[in-house]
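J.: need a structure here:
(chains A and B)
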Amino acid sequence: MPTTAPALGDVTASDSTLRRFLHGLPGVDTVGLEARAASLGTRSIKTTAKAYAIDLAISMVDLTTLEGADTPGKVRALGAKAVHPDPTDRTTPTTAAVCVYPDMVATAKDAVAGSGVKVASVATAFPAGRAALDVKLADVHDAVAAGADEIDMVIDRGAFLAGKYMKVYDEITAVKEACGTSARLKVIFETGELSTYDNIRRASWLGMLAGADFIKTSTGKVAVNATPANTLLMLEAVRDFRAQTGVQVGVKPAGGIRTTKDAIKFLVLVNETAGADWLDNHWFRFGASSLLNDLLMQRQKLATGRYSGPDYVTVD
Amino acid sequence: MASASAFEYAPAPESRSVVDIAPSYGLFIDGEFTEAADGKVFKTVSPSTEEVLSEVAQAGAEDVDRAVKAARRAFEKWSALPGSERAKYLFRIARIIQERSRELAVLETLDNGKPIKETRDADLPLVAAHFFYYAGWADKLDHAGFGASPRPLGVAGQVIPWNFPLLMLAWKIAPALATGNTVVLKPAETTPLSALFFADICRQAGLPKGVVNILPGYGDTGAALVEHPDVNKVAFTGSTAVGKAIARQVAGTDKKVTLELGGKGANIVFDDAPIDQAVEGVVTGIFFNQGQVCCAGSRLLVQESIQDELLDSLKRRLSTLRLGDPLDKNTDIGAINSAEQLSRITSLVEQGEAQGAERWSPACELPSSGYWFAPTLFTNVTQAHTIARDEIFGPVLSVLTFRTPDEAVAKANNSQYGLSAGIWTEKGSRILAVASKLRAGVIWANTFNKFDPTSPFGGYKESGFGREGGRHGLEAYLDV
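T.: Residues are numbered from 1 along each chain as shown, chains lettered A, B, ... in the order given. Model (predicted):
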């Protein structure tokens, strides 16, 4: 079990110390947070900065398919696209990863073999997380055994909202242990269900204390997913966590980021909140499926001066 | 994998071609542009480049007299119009301002030096909002709480500063016209252009001649206007020194006066504050418009227990501020308005250092031409330091500490000024308890520098008297 960084003291010693710590974190003022996110959204990113941002964003995409109807063929196509996002332009960077259900990990692994593209898998009874811990751990073991480089776990929002922070903490540490040394762990909070910004900050710290390698906004399966404000808040959390413990944690907004314009706004948030150290796909990801095509179309537009259209990028 | 290099934003300048600045401008008297009687002119420059933008007629005493007479003639008809008719003109002006907002924003940035982000996103929307708001009052004056059919005062002589040229014009002209007064306005000598463009908007709106008159000039023009025996109301926004001179000038006359003067706002951060938002609020409080704001939160009072944490966050945040070309949409900090103002800031900052306060600025390259001052933070400041007492009117923050709420209130109130204050805490009861003890005209809780036409604004003590904005703002232009 990971121990808390000495800088923070033994805040995870008991239910009550953990609660006291999480509730002692600075509050979040909703109006101020959203205003800051909106004002960073007005940065004007043009020409060379835009070209840089587009390539960076492509390299940060976790190309995702999480449908009940996923087939091996679809996953193979997705893998091929992750390796060569734009078949007409081989200078296009690869995406960071493909993200699939555990039973598709082996297929995905095969599809991206040798490319450097990682395979992420949503284990732990995704997306509701409502299963016994044994079941969740079995899910993780399956995915890791099939070669997953990254595990995206959902937390038990019911336990979190009921104030059972230690239960959530214990689950995360158990999953982290199941990931072993080969897979990085992304912890999904489903921020839309946590409903307050104070809760999102507490969940972020809870996840990081428990050993998350990444903290992630959402599953993409609820009404409110990644927003500039909740991502800004999580970026503040990883920034403060590193300042206090020396440990750097990644951030992954997921769901609802569809356009290049939106993606660039998130990169501005990263740049001006956590800082340039996070402007790298080891520390920041986009959980998205339709974003990639818009990035590719904008990339073609910058290269050729003209819009091509959806038929000039692959559908999957 | 992309390398972790800095994300450099390419320049994103707003186009200058949306605004057409003439090589010279006259005075606006009785609906016409005219030369000054003695033919005097002065130049207005762009503070970010020192480029001469235009040559502007300088009004003398004779011109003031002409303008006041024109306003007096216009007053008879204008004040006799039904409120709903005056409202139509004001609504029309508000809509034209919205339509021309991009042009006006660029113009204001060129003439004043503040970032286009602020003129575009703060100044212009507020300017239009003020005209819309007071247009709405024009036909409802009977219901404003000042008795039935409150009467206008007559001719209003208005003198405004250079920090928010068009916004201060709106604060002054909109309530004056809504209540049936006519206006002679003197814009600041360093920023006359947007007022002259406003004169053109008045013509475009078909406003009757003489209702609004604009007289660019220096302090002597303002003095002549304030002194003029046929002016019924004086409204001034600017420095406390000039405010005192005006108060002396009008003492013993029957002129009504409102003065909106300097400030040394306290921004109080308690240990349970939402820290990240408080840092943003402190930054907005003192670096908005390069700190050239009378209600700037220029004194940061931070609870001792979180001093280090807050200062670290603040310094990190200041390092992300972008200083440079104000026309660039990504610029956060623009130029200081004039060489004179820059030297005033510089001299006060030198006094701060000489008196033992510790000065800090982020690494920041200043452009080679124009008037620039890097965002500056002073720690180890005490109430006895000049920089904790005098208004600097620049991007300079003095940091003081306190241990208890009572001490915070005592320090915040220990100032000759009383215009604004800010309170940062997650505890609602503390907001109310502290706010009720602070002697300041505007108190923001968990925010700073928020303006709205419906909200009255004004000061205590040497920050002046009278209120602008809201229903209260009508009173200054009515015989009540």
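J.: mind checking the longest helix of chain B?
T.: Longest helix in chain B by number of residues (criterion: DSSP state H): helix B:61-80.
J.: wait, A:Ala223 touches A:Thr191, no?
T.: No. Between A:Ala223 and A:Thr191 no contact is recorded; they are 11.3 Å apart, counting by CB atoms under 8 Å. C-beta here means a position set from N, CA and C on the backbone, and glycine is covered the same way.
J.: looking at those two, which is more packed in?
T.: Each of A:Ala223 and A:Thr191 has its neighbours counted (other CB atoms under 10 Å in any protein chain shown); A:Thr191 has more, 32 against 8.
J.: wait, doesn't the more buried one sit right on A:Ser218?
T.: Yes. In terms of CB under 8 Å, A:Thr191 counts as a neighbour of A:Ser218; the distance is 5.6 Å.
J.: may I see the buried residues of stretch B:81-101?
T.: By 16 or more other CB atoms under 10 Å in any protein chain shown, the buried positions in stretch B:81-101 come out as B:81, B:83, B:86-94, B:96-98, B:100-101.
J.: for chain A, state which of those residues is nearest.
T.: B:Ser101 (15.4 Å; CB to the nearest CB).
J.: list the contacts of the closest one.
T.: The contact partners of B:Ser101, by CB atoms under 8 Å, 6 or more residues apart in numbering or on different chains, come to B:120, B:124-125, B:128.
J.: find the nearest non-adjacent residue to B:Asp254, please.
T.: Spatial nearest neighbour of B:Asp254, excluding adjacent residues (CB to CB, 6 or more residues apart in numbering or on different chains): B:Asn232 at 7.9 Å.
J.: and the strands in the stretch 101-250 of chain A, which stretches?
T.: Using DSSP state E, counting those that start in this stretch, the strands assigned to the stretch 101-250 of chain A run over residues A:118-122, A:150-154, A:184-188, A:214-216, A:250-252.
J.: with adjacent residues omitted, what lies nearest to B:His385?
T.: B:Gln355 (5.1 Å).
J.: tally up the residues packed near the one you found, please.
T.: By other CB under 10 Å, 16 other residues sit near B:Gln355.
J.: how about B:Leu107?
T.: B:Leu107: 25 neighbours (other CB under 10 Å).
J.: do the one 4 residues further on as well
T.: For B:Asp111, the neighbour count with other CB under 10 Å is 31.
J.: report the contact partners of it.
T.: So B:Asp111 contacts B:44, B:46, B:53, B:165, B:190-194 (CB under 8 Å, 6+ apart).
J.: tell me the centre residue of chain B?
T.: B:Phe164 (4.0 Å; CA atoms, centre = their mean).
J.: that one reaches B:Asn289, doesn't it?
T.: Yes. Using CB under 8 Å, B:Phe164 is in contact with B:Asn289, at 7.3 Å.
J.: quick revisit: show me which of the contacts of B:Asp111 is closest to chain A.
T.: B:Ser46 (20.9 Å).
J.: so the closest residue to that closest one other than its chain neighbours: helix, strand or coil?
T.: Using CB to CB, 6+ apart and skipping the chain neighbours, the partner closest in space to B:Ser46 is B:Leu110 (5.1 Å). The three-state assignment at B:Leu110 reads helix, by DSSP: H, G, I helix; E, B strand; the rest coil.
J.: okay but B:Leu110 is in contact with B:Val52, surely?
T.: No. Contact between B:Leu110 and B:Val52 fails when scored by CB under 8 Å: they sit 11.3 Å apart.
J.: out of those two, which sits in the busier spot?
T.: More crowded of B:Leu110 and B:Val52, by other CB under 10 Å: B:Leu110, with 27 against 11.
J.: for burial, what's the neighbour tally of the residue in the stretch 101-250 of chain A positioned nearest to chain B?
T.: Closest contact between the stretch 101-250 of chain A and chain B, by CB to the nearest CB, is at A:Glu236 (5.3 Å). A:Glu236: 23 surrounding residues under other CB under 10 Å.
J.: what does A:Asp70 give?
T.: Neighbours around A:Asp70, by other CB under 10 Å: 16.
J.: once you drop chain neighbours, what's closest to it?
T.: Nearest to A:Asp70 is A:Met104, by CB to CB, 6+ apart, at 6.0 Å.
J.: so who does that neighbour touch?
T.: So A:Met104 contacts A:70, A:72, A:75, A:121 (CB under 8 Å, 6+ apart).
J.: circling back: of the contacts of B:Asp111, which is the nearest to A:Thr12?
T.: B:Pro165 (56.9 Å; CB to CB).
J.: so that closest one touches B:Glu108, yeah?
T.: Yes. Using CB under 8 Å, B:Pro165 makes contact with B:Glu108 at a distance of 6.3 Å.
J.: so where do the helices sit in the stretch 1-150 of chain B?
T.: Secondary structure of the stretch 1-150 of chain B (DSSP state H, counting those that start in this stretch): helices located at B:61-80, B:83-99, B:101-112, B:116-118, B:124-137.
J.: in CSV: those, plus distance to B:Glu462 and mean pLDDT.
T.: Below are the helices of the stretch 1-150 of chain B laid out as CSV (distance: least, CB to CB, whole Å; pLDDT from 0 to 100):
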stretch, distance to B:Glu462, mean pLDDT
helix B:61-80, 27, 98
helix B:83-99, 33, 98
helix B:101-112, 25, 98
helix B:116-118, 27, 98
helix B:124-137, 25, 98
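J.: tell me the residues of the stretch 1-150 of chain A that contact chain B?
T.: Proximity of the stretch 1-150 of chain A to chain B is confined to A:26-29, A:31-33, A:35-36, A:42-50, A:52-53, A:55-56, A:59-60, A:93, A:116 under the rule CB under 8 Å from any CB of the partner chain.
J.: among those, which are in helices?
T.: Using DSSP H, the residues of the stretch 1-150 of chain A next to chain B in helices are A:31-33, A:35-36, A:47-50, A:52-53, A:55-56, A:59.
J.: and those, which are buried?
T.: Using 16+ other CB under 10 Å, the buried ones in these are A:32-33, A:35-36, A:49-50, A:52-53, A:55-56, A:59.
J.: before we move on, back to that, what residues are shared contacts of A:Thr191 and A:Ser218?
T.: With contacts taken as CB under 8 Å, 6+ apart, A:Thr191 and A:Ser218 have A:224-226 as neighbours in common.
J.: neighbour-wise, which one of those leads?
T.: Neighbour max across the shared contacts of A:Thr191 and A:Ser218 (other CB under 10 Å) = A:Ala226, 26 neighbours.
J.: dihedrals phi and psi, A:Trp283?
T.: phi -120, psi -10 (degrees, to the nearest 10).
J.: also A:Gly275?
T.: phi 110, psi 170.
J.: thinking again about what came up before, the residue nearest to B:Asp254 touches B:Val155, doesn't it?
T.: Yes. Between B:Asn232 and B:Val155 there is a contact under CB under 8 Å: 5.5 Å.
J.: more neighbours: which of those two?
T.: Using other CB under 10 Å, the more surrounded residue of B:Asn232 and B:Val155 is B:Val155, with 27 against 23.
J.: report the beta-bridge partners for the more buried one.
T.: Counting by DSSP bridges, B:Val155 is bridged to B:Thr182.
J.: show me what contacts it?
T.: B:68, B:71-72, B:75, B:181-184, B:230-233.
J.: what about the nearest residue to B:Thr221 once chain neighbours are set aside, how many residues nearby?
T.: In space, and not counting its chain neighbours, B:Thr221 is closest to B:Ala59: 4.7 Å by CB to CB, 6+ apart. Per other CB under 10 Å, the neighbour tally for B:Ala59 reads 32.
J.: for B:Ala22, see how far away B:Ala59 is.
T.: According to CB to CB, to the nearest Å, B:Ala59 and B:Ala22 sit 18 Å apart.
J.: taking the stretch 1-150 of chain A, what residue is nearest to chain B?
T.: Counting by CB to the nearest CB, the stretch 1-150 of chain A gets nearest to chain B through A:Gly32 (3.1 Å).
J.: many thanks, we can stop here.
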